[in-house]
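Enquirer: Build the 3D model from these lines:
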Amino acid sequence: MRRVSPNERISLFLDRVCAHLLWPPYRARVRRELTDHLLTRMEYLQNDRGFNEAEAVELAVRMLGDPDALGRSLRHARFPPRYLCCLIATGLVWAAIAACVVYLLLQLQI
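Expert: Sure thing, here's the model as predicted:
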């Protein structure tokens, strides 16, 4: 198996987390925040705990847990399923109201 560099390891982790996030601005913000969090944790592990760079990266990534579970949790935190259902229902109600108004306006012109 090919050995992965520390930067690649971080990038692969972030790619897996962000694959679950649908909205591009939110995805970019989460990526920045997680990168900052990982780099801060790596710096702590290297300077205060004496780990080398590769060990610090691996440990920092493992501390954040499963990237797929983290990505799903972040997606649900941003757009909970109940919120999405309410948003869709509200949109449908407003579309129905608009259709009724258009229909009435067309009928009044006749």
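Enquirer: Can you list the buried residues in the one helix or strand Glu55 maps to?
Expert: Glu55 belongs to helix 53-64 when elements are defined using DSSP states H and E. Going by neighbour count (16 or more other CB atoms under 10 Å), the buried part of helix 53-64 is Ala56, Val57, Glu58, Ala60, Val61. For glycine as for every other residue, the C-beta is placed from the backbone atoms N, C-alpha and C.
Enquirer: contacts for that helix?
Expert: Helix 53-64 has contacts (CB atoms under 8 Å, 6 or more residues apart in numbering) with 6, 9-10, 13, 34, 37-38, 41-42, 45-46, 49, 51, 70.
Enquirer: can you give me how far the next helix or strand after that helix is from the chain middle?
Expert: Next along the chain after helix 53-64, taking DSSP H and E as the criterion, comes helix 67-78. Taking CA atoms, centre = their mean, to the nearest Å, one finds helix 67-78 lying 6 Å from the centre of the chain it belongs to.
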